[in-house]
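Visitor: Got a predicted structure here, sequence first:
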Amino acid sequence: MDNHHDMPDPQEGVPLPSLLFSRRQILKLGGISIAAAAALAPVLARSAAKPLIIMEKAHGIVIADPATCVGCGRCELACTEFNEGKAAPSLSRIKVDRNINFGPDALLAWREGQGAWGSGLIVQDLCKQCPHPVPCANICPEDAIAVAPSSGARMINVEKCTGCRICLKACPWEMISFDRDSRKATKCHLCNGKPKCVEACPAESLSYVPWRDLTGKIPPRVSTVARPLGDRAAACFECHLPGQRKSASLDTGVFPGGAKPGVFSSRPGSTSSWIDRLGTIFLPVVGLLVLVHGAVRAVVKR
Amino acid sequence: MKRTYLHPLPLRVWHWVNALVVALLLVTGIRLRVAGIPDLPPHSTALLIHRCAGWAMVASSVLWLIYSLASGHLGRHYKLTRRDIKGICSQTKFYIWSIFKGEENPFRPSPGEKFNPLQKLAYGSVMCILTPVLVVTGLAFSGVPIVRGYMLLWNMAKPLNAVHVIGAYLFALYLVVHVYMATLGKTPFSHIKAMIVGYEEEPVASEGEDRMQHLMPGSRPETGSADV
């Protein structure tokens, strides 16, 4: 490897390497690259043995509208009834839950996290039928996850699945379930293009649409509190701030000066940066004065 | 050498506990104020520490106030007398001029009068104005539902935040000077040692000591000066 570096041929009109590198440096570089290649060899060998799986896109995807979902869970029942022949929401490929968590920072996030104590909104999680690279399919050591011909969905081949559960960890959305009875992983395969969850939804919250990349097009799952006005605001204050109706200047809106409920901010940089500017001037000045005072004392003492 | 008992045990304990709380509040406060300082805890952790230390500060301030009022500490050591006002000039002159010439401090602390006029001004404003302002504005942000509701209602979040931060900067300024002045004793650590053991050691007193004696009628026997 890199043999052409060892013997640069001046006849070819490429004298540059010999000008830039001495023979010793070239030998050194060659040695380093051989060592690097040796270190990389196992990695390269593995990737060579198992090329990246690239799948065609799914034909469709189930999308959910959290605003209309009532959380009845019929989609979960329909899913497991069709696939397992039983009611087992823990196995359901659509997962309906309430957002009552605190976000990734857990309890430390408290009120600063995802929503206030979680927004309480009912949210639906579904397999995104990821485009290339498909994390679950690429991690599977048995190549058990492949495209379902009828729907283009990424589907688990139960013949090949050994139940190692590595796909459960590979999925960034935690959309793969493990069936403890059959000892196999299971995921959404779009029910041959006729998703049972969509058919079961009484609120028309679910729909089966042609697959498209929704990255960056879905609004965040945090409910935004609209600013109530007029009589409606008065009703709010009766409960939340009893006896304070008059201060709320109800005729002009709710919060004088345009403060929004729940959006008050004491975040860094949000207020009065002139304070910080003054502080960063005065603190060093005083510190310097103190240093000078101490230095003068030391000098005079001597 | 004379040993003067200046700092009673409760005040010494309070001082160092309070110092720890203030340090926590300042460091986490900087972290909350300035985004993206790598070596400090993340925003959420800093917030939690700041909240907890804030409540500790509330307790610390209230305990100090109760103790100072009950023991007469506040009235005895913080009240500016007419003589104090006269002494401001000489004390200031000492710090910016005479100290370099190695002159004696015109003020000599005694159990009856611990603080010189400038100390009275500084400590008085820190303990009776700055700390209460910081504590009260901090409480407004503490998330107690009703307080929070009123703050939102009156749109006070930004003004209170500004007051709190200005107060914090003033406190930091005070702290720089306080820590430096603590090293101006006979040796750099003599004042700090006194704040730990309670006794200030110093050479035999000049007439300043006697001048103070008549100001402290009925001082407790164990707080009097004693030759060692």
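Guide: Great, that's in hand.

Visitor: gap between residue A:194 and chain B?
Guide: Distance, residue A:194 to chain B, using C-beta to the nearest C-beta, to the nearest Å: 45 Å. No exception for glycine: its C-beta is placed from N, CA and C like everyone else's.

Visitor: nearest residue to that residue other than its sequence neighbours?
Guide: The shortest distance from residue A:194 to any non-neighbouring residue, by C-beta to C-beta, 6 or more residues apart in numbering or on different chains, is to residue A:208 (7.9 Å).

Visitor: Near the one you found, how many other residues are there?
Guide: Residues contacting residue A:208 under the criterion other C-beta atoms under 10 Å in any protein chain shown number 18.

Visitor: Any part of the longest helix belonging to chain B near chain A?
Guide: Identified as the longest helix of chain B according to DSSP state H is helix B:43-71. Yes. Using C-beta under 8 Å from any C-beta of the partner chain, helix B:43-71 reaches chain A at B:43, B:44, B:45, B:47, B:48.

Visitor: out of those, who's nearest residue A:153?
Guide: Distance to residue A:153 across the residues of helix B:43-71 next to chain A (C-beta to C-beta) is lowest for residue B:44, with 38.7 Å.

Visitor: Quick one: neighbours of the closest one, just the number.
Guide: 18.

Visitor: What are the structural domain limits within chain A?
Guide: The record's domain parsing of chain A by automatic domain parsing lists A:3-49, A:60-210, A:226-264, A:272-297.

Visitor: Among the residues of helix B:43-71 next to chain A, which has the minimum pLDDT value?
Guide: The lowest pLDDT within those belongs to residue B:43, which sits at 75.

Visitor: And for that one, the neighbour number?
Guide: When neighbours are counted by other C-beta under 10 Å, residue B:43 comes out with 19.

Visitor: just residue A:161 next, same as before
Guide: By other C-beta under 10 Å, 20 other residues sit near residue A:161.

Visitor: Confirm for me that it is in contact with residue A:179.
Guide: No. Residue A:161 lies out of contact with residue A:179 (C-beta atoms under 8 Å); the separation is 9.8 Å.

Visitor: wait, which of the residues of helix B:43-71 next to chain A is closest to chain A?
Guide: Taking C-beta to the nearest C-beta as the measure, chain A sits nearest to residue B:44 out of these, at 4.2 Å.

Visitor: any idea how far that closest one is from residue B:18?
Guide: 26 Å (C-beta to C-beta, to the nearest Å).

Visitor: Confirm residue A:80 sits in a helix?
Guide: Yes. With DSSP: H, G, I helix; E, B strand; the rest coil as the criterion, residue A:80 is located in a helix.

Visitor: any idea how far it lies from residue A:190?
Guide: Distance from residue A:80 to residue A:190, by C-beta to C-beta: 15 Å.

Visitor: Show me what the helix or strand harbouring residue A:277 is packed against.
Guide: Following DSSP states H and E, one finds residue A:277 within helix A:273-301. With contacts defined as 3 or more C-beta pairs under 8 Å, 6 or more residues apart in numbering or on different chains; DSSP states H and E, the packing partners of helix A:273-301 are helix B:157-181.

Visitor: Okay, now the unreliable bits of chain B?
Guide: Applying pLDDT under 70 to chain B flags the ranges B:1, B:35-39, B:203-228.

Visitor: Near chain A, which residues of it are found?
Guide: B:32-35, B:43-45, B:47-48, B:99-102, B:141, B:143, B:149-155, B:157-158, B:161-162, B:165-166, B:169, B:172-173, B:176-177, B:180, B:183.

Visitor: Give me the buried entries from those residues.
Guide: B:32-33, B:43-44, B:47-48, B:99, B:141, B:151-154, B:157-158, B:161, B:165-166, B:169, B:172-173, B:176, B:180 (16 or more other C-beta atoms under 10 Å in any protein chain shown).

Visitor: about what we covered before: please name the strands paired to the strand or helix carrying the residue nearest to residue A:194 in the sheet, noting orientation.
Guide: According to DSSP H and E, residue A:208 maps onto strand A:206-210. The pairing partners recorded for strand A:206-210 under DSSP bridges are strand A:60-64 (antiparallel).

Visitor: average pLDDT across the partner strand?
Guide: Computed over strand A:60-64, the mean pLDDT rounds to 91.

Visitor: quick one, phi/psi of the residue of chain B most remote from its centre?
Guide: For chain B, the largest distance from the centre (C-alpha atoms, centre = their mean) belongs to residue B:153, which lies 34.5 Å off. The phi and psi torsions at residue B:153 (degrees, to the nearest 10) take the values phi -60, psi -50.

Visitor: how much space between it and residue B:146?
Guide: Where residue B:146 is concerned, residue B:153 sits at a distance of 10 Å (C-beta to C-beta).

Visitor: Repeat that for residue A:293.
Guide: 47 Å.

Visitor: Give me the more crowded residue out of the two.
Guide: residue A:293 (18 against 11).

Visitor: Apart from its neighbours in sequence, what residue is nearest that one?
Guide: Closest to residue A:293 by C-beta to C-beta, 6+ apart is residue B:180, at 7.2 Å.

Visitor: Assess the claim that that neighbour and residue A:295 are in contact.
Guide: No. If you go by C-beta under 8 Å, residue B:180 and residue A:295 don't touch, sitting 11.6 Å apart.

Visitor: hey, where'd the strands end up in the chain?
Guide: All of this refers to chain A. Along chain A, the stretches classed as strands by DSSP state E are A:60-64, A:95-98, A:122-125, A:145-147, A:154-156, A:177-179, A:184-186, A:206-210.

Visitor: Chain B, not that one
Guide: Here chain B has its strands, by DSSP E, at B:2-5, B:199-202, B:226-227.
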